[in-house]
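Student: Give the three-dimensional model of this entry:
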Amino acid sequence: MLLRANIVPMLTKRTFKNFGHKRQPIPLVTTLWHGALTLTFTGMCLNWDKISTWIFGKDSSKSEPDWDEDL
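Tutor: Purely as a prediction, here's the structure:
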């Protein structure tokens, strides 16, 4: 009985440092690659003509060519 009383406090104080699941560091190259892929695929889905008109406005100097002008 006396022997068991001395072991119990020792077992409760025993801990493991840095034990468990931790986040793995992600390399910078991987982060940049994923960002480039995301921007590429997102950029392909956008209508850039509407976005440029919304940001810069309608360009009055650029007019549509008259196709029946040559006929």
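Student: List of residues touching the helix or strand that contains Ile51?
Tutor: According to DSSP states H and E, Ile51 maps onto helix 48-56. By CB atoms under 8 Å, 6 or more residues apart in numbering, no residue outside helix 48-56 reaches it. Every C-beta, even on glycine, is put in place using the N, C-alpha and C of the backbone.
Student: Go through it and flag the buried ones.
Tutor: Buried residues in helix 48-56, counting neighbours by 16 or more other CB atoms under 10 Å, are absent.
Student: Spit out the contact partners of Met44.
Tutor: Met44 neighbours (CB under 8 Å, 6+ apart): none.
Student: If you count neighbours, what's buried in the strand or helix carrying it?
Tutor: Following DSSP H and E, one finds Met44 within helix 28-45. Buried residues in helix 28-45, counted by 16+ other CB under 10 Å: none are found.
Student: Show the average pLDDT along it.
Tutor: The average pLDDT within helix 28-45 is 96.
Student: ok, now how distant is Phe33 from Ile55?
Tutor: Just to correct that, residue 33 is Trp rather than Phe. 28 Å (CB to CB, to the nearest Å).
Student: Likewise for Ala36?
Tutor: Distance from Ala36 to Ile55, by CB to CB: 23 Å.
Student: Can I get the helix holding Ile51 as CSV, trimmed to CA atoms?
Tutor: Provided in CSV are the C-alpha atoms of helix 48-56 (Å, rounded to 0.1, in the frame of the first residue of the first chain):
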residue,chain,number,x,y,z
TRP,A,48,-12.6,41.5,-68.8
ASP,A,49,-14.4,43.8,-71.3
LYS,A,50,-17.1,44.7,-68.8
ILE,A,51,-14.5,45.1,-66.0
SER,A,52,-12.3,47.4,-68.1
THR,A,53,-15.4,49.5,-69.2
TRP,A,54,-16.5,49.7,-65.5
ILE,A,55,-13.1,50.8,-64.3
PHE,A,56,-11.9,53.1,-67.2
